[in-house]
Structure formats: C-alpha cells, structure tokens
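S.K.: Give me coordinates for this.
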Amino acid sequence: MRRRTARRFRKQDERAALLVAAVVAAGLLSAAVRWLLAHWWVLVLAGVVAAGVGGLWLRWARQRAEWARVRARALRPRMAELDALDHRAFEFAVRDLMRRDGSVAERLGGAGDNACDVRAVDPAGRVWAIQCKHRRDGERGPAVGVGVLQQVNGTARQIHGADIAVVLTNGRFSAKAIPWGRQHRIHLVDRRVLGQWAAGSRPLWDLLDRVPPPRRPTALS
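M.R.: I've put the predicted structure just below:
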C-alpha cells in the first residue's frame, strides 16, 4: 500500500513539474513574441542578413562551378607531361580526363583494385573500367602484353560492372595483345590514341571502335 501511495505521489510530482515547465516555456515564448513585435526591425535586419549570406553563398557556388569548368576546358596535357608522371599520378590524370569530358570518375588504383585503376560513368550512362599502364620511356618501354588484358577480362565486367573495358598506356601493345583484345572486347588505348584524347579534340568514346550504345538518351542521340 505504501509503495502504491509513493508511486502515485511521484507521478503527481512529475505531472506538476511538466506543468510548471510548460507554463515557463509558454511565458518565455510569449515574452519573446512581444519583444519581437515591439522590435520588429530586428526581424527585418535578420531577414536582410540571411538574404545577403544566401546570395553570397550562391554566388560563391556558381563561381566554383565556373572555375571547375574553366579548369576542365584547360586540361590538355601533352604526351611529354604524361610521360613525366609516375604511375599513380598517371592514373589521376586519366581520371581527370574522363571528368573533363563529362564523366563521373574515380581512381581505384592500388592494392586490391581488381585490375581497374579508374572507374567512370560517362554522360551516356555507360560504365568504364580502365586499367592504366604507365611507361616511363613511352614507346621505347616494354609493350603491354596479353597477361594484362587477361586480368582485365576477368574483372572488368564481373566485378566492376563495366560496359566498356579499357587498357590504356602511354606506350605500346604487343603484337599478340592487339588481336586478343579485339577478340575479347577489350579496348586498347595506345600512345597515339591517348595523345589525341589528351589534346581534347574528342572524348575517348568517340576515338574507340565498337563502343556499346548509350544506356540512356543523350542530346546527341
């Protein structure tokens, strides 16, 4: 009986505390409303400041987007510049070239990349898996052989969901790699094609043969 009575008193105390808190909150709110009505200019000033800050932020965002477009249009590396990169920087350069042409691209290169250094989705919705092979000596370096293409063929579509599998190099491909790539639908981008692409005349998908059709309609389709 005593426990029930104690619980009842506790509930009553909790209700009383909640009621007091509600009354205090209502009083504070009422006082705030009265103060703002008496000082209406504060609301006007706050609105002007908010509008100014919002306008500045929107202008800053537009400027950043424009700067990004300008940088993208200016991204036209020469082959000598690409040759001078290390393999990691070369992968980032390929990523940036895909972005320049309107793709959403990311660099995956490194341990566990499953033979895909750059994965991208082009404006037509096609998924690209690009394996990069940088040669410090360009065409004078070792040719990219069938073994690299076999690795890409085993992961590009199965793991990365690629519509277009690419092996790209600033060097050359072996005599056996060229027909092997054609037979297994691996697109080969050698030094000549890479130079054309980097120059910015056309996006990579316009420089390759037998590229799959767009996944979604485009302005050019």
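
S.K.: rest of the way, CA atoms for contacts and neighbours
M.R.: OK.

S.K.: contacts for stretch 180-188?
M.R.: Val146, Leu149, Val152, Asn153, Ile164, Ala165, Val166, Val167, Leu168, Ile178, Leu208 (Cα atoms under 8 Å, 6 or more residues apart in numbering).

S.K.: Just give me how far it sits from the chain centre.
M.R.: Offset of stretch 180-188 from its chain centre (Cα atoms, centre = their mean, to the nearest Å): 27 Å.

S.K.: How about stretch 185-203?
M.R.: The chain centre lies 22 Å from the centre of stretch 185-203; the measure is Cα atoms, centre = their mean.

S.K.: And the nearest residue to Ala93 once chain neighbours are set aside, how close does it get to Trp197?
M.R.: Take Ala93 and drop its neighbours on the chain: the residue closest to it by Cα to Cα, 6 or more residues apart in numbering is Leu82, 7.9 Å away. Distance of Leu82 to Trp197, given as Cα to Cα, to the nearest Å: 12 Å.

S.K.: Please, where are all the strands along this structure?
M.R.: Shown for the chain, the strands assigned by DSSP state E span residues 104-107, 118-121, 127-133, 164-169, 186-189.

S.K.: pLDDT below threshold where in this structure?
M.R.: Residues of the chain meeting the criterion pLDDT under 70: 1-13, 43, 59-74, 216-221.

S.K.: what's the domain layout of it?
M.R.: Using automatic domain parsing, the domains assigned to the chain come out as 2-72, 77-207.

S.K.: What is the end-to-end distance of the last one?
M.R.: The one in question is domain 77-207. Across domain 77-207, the straight-line distance between its terminal residues is 17 Å, by Cα to Cα.

S.K.: ok, now stretch 183-202?
M.R.: Stretch 183-202 has an end-to-end distance of 25 Å (Cα to Cα).

S.K.: And for stretch 129-144?
M.R.: From start residue to end residue, stretch 129-144 stretches across 17 Å - Cα to Cα.

S.K.: buried sites along that stretch?
M.R.: Using 16 or more other Cα atoms under 10 Å as the burial criterion, the residues of stretch 129-144 that qualify are Ala129, Ile130, Gln131, Cys132, Lys133, His134, Arg135, Arg136, Gly138, Glu139, Ala143, Val144.

S.K.: got it, and stretch 166-183?
M.R.: For stretch 166-183, the buried set under the neighbour-count rule, 16+ other Cα under 10 Å, comprises Val166, Val167, Leu168, Thr169, Asn170, Gly171, Arg172, Phe173, Ala177, Ile178, Gly181.
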